[in-house]
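Engineer: structure for this input, please:
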Amino acid sequence: MATTTRKTTRTPTASKTTTTKRKTAPKPAPVDVAEETSVQELPLSSREEMKKKELIDLAVERSGIKKRDAKPAIEAALAVLGEALAEGREINMRPMGKIKVSRMKKVVNGQVINARIRQPEAAEPSDDPDGTIDTDPLAQAAE
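Structural biologist: Have a look, this model is predicted:
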């Protein structure tokens, strides 16, 4: 039984480039400025960043509880919030607002989390089950 080998040769072919016109969507008609929803840029604070110590001090001042009671609770709450953000979970805490993670990236000594916070302008009576609005965001101290 004889086997034959077959040699195949390729002939160079010129690459054909064809240009196709993409259908472009028609440009929308100009919108009247009065109809457009206005977005107002708010100025950023020139104050220094808030640290945990300042947060604890302000919470103690507003709530009237002792610092030794507030500090572990606030540290635990911050830890829970940090873990939720690291998992990419959305956080919805009124009156602070809704935090939505948009991107996460690992870096050498941790991770970078880009998030957006949307704060409500004002609470509405329909948001509260009993129809009342509490103007004090902190609960009353237990005695």
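
Engineer: where exactly do the helices run in the protein?
Structural biologist: 52-63, 67-86 (DSSP state H).

Engineer: so which bits of the longest strand anywhere in the chain are buried?
Structural biologist: In the chain, taking DSSP state E as the definition, the longest strand is strand 97-107. Neighbour counts using 16 or more other Cβ atoms under 10 Å place 99, 101 of strand 97-107 among the buried residues. For every residue, glycine as well, the C-beta is placed using N, CA and C.

Engineer: that one pairs with which strands?
Structural biologist: When pairing is defined by DSSP bridges, strand 97-107 lines up against strand 91-93 (antiparallel), strand 110-118 (antiparallel).

Engineer: how far away is the nearest residue to residue 57 once chain neighbours are set aside from residue 56?
Structural biologist: Nearest residue to residue 57 in three dimensions, chain neighbours excluded: residue 67, at 7.7 Å (Cβ to Cβ, 6 or more residues apart in numbering). Going from residue 67 to residue 56 by Cβ to Cβ, to the nearest Å gives 7 Å.

Engineer: just name the most buried of the strands paired with strand 97-107.
Structural biologist: Burial of the strands paired with strand 97-107 is given as mean neighbour count (mean count of other Cβ atoms under 10 Å); strand 91-93 ranks first at a mean of 12.

Engineer: state the mean pLDDT of it.
Structural biologist: Average pLDDT, strand 91-93: 91.

Engineer: where does the chain dip in pLDDT?
Structural biologist: Across the chain, the ranges flagged by pLDDT under 70 are 1-39, 123-143.

Engineer: can you count the residues close to residue 70?
Structural biologist: 21 (other Cβ atoms under 10 Å).

Engineer: and it, what is it in contact with?
Structural biologist: Residue 70 makes contacts with 56, 59, 60, 63, as judged by Cβ atoms under 8 Å, 6 or more residues apart in numbering.

Engineer: what's the closest of the strands paired with strand 97-107 to residue 81?
Structural biologist: strand 91-93 (6.4 Å; Cβ to Cβ).
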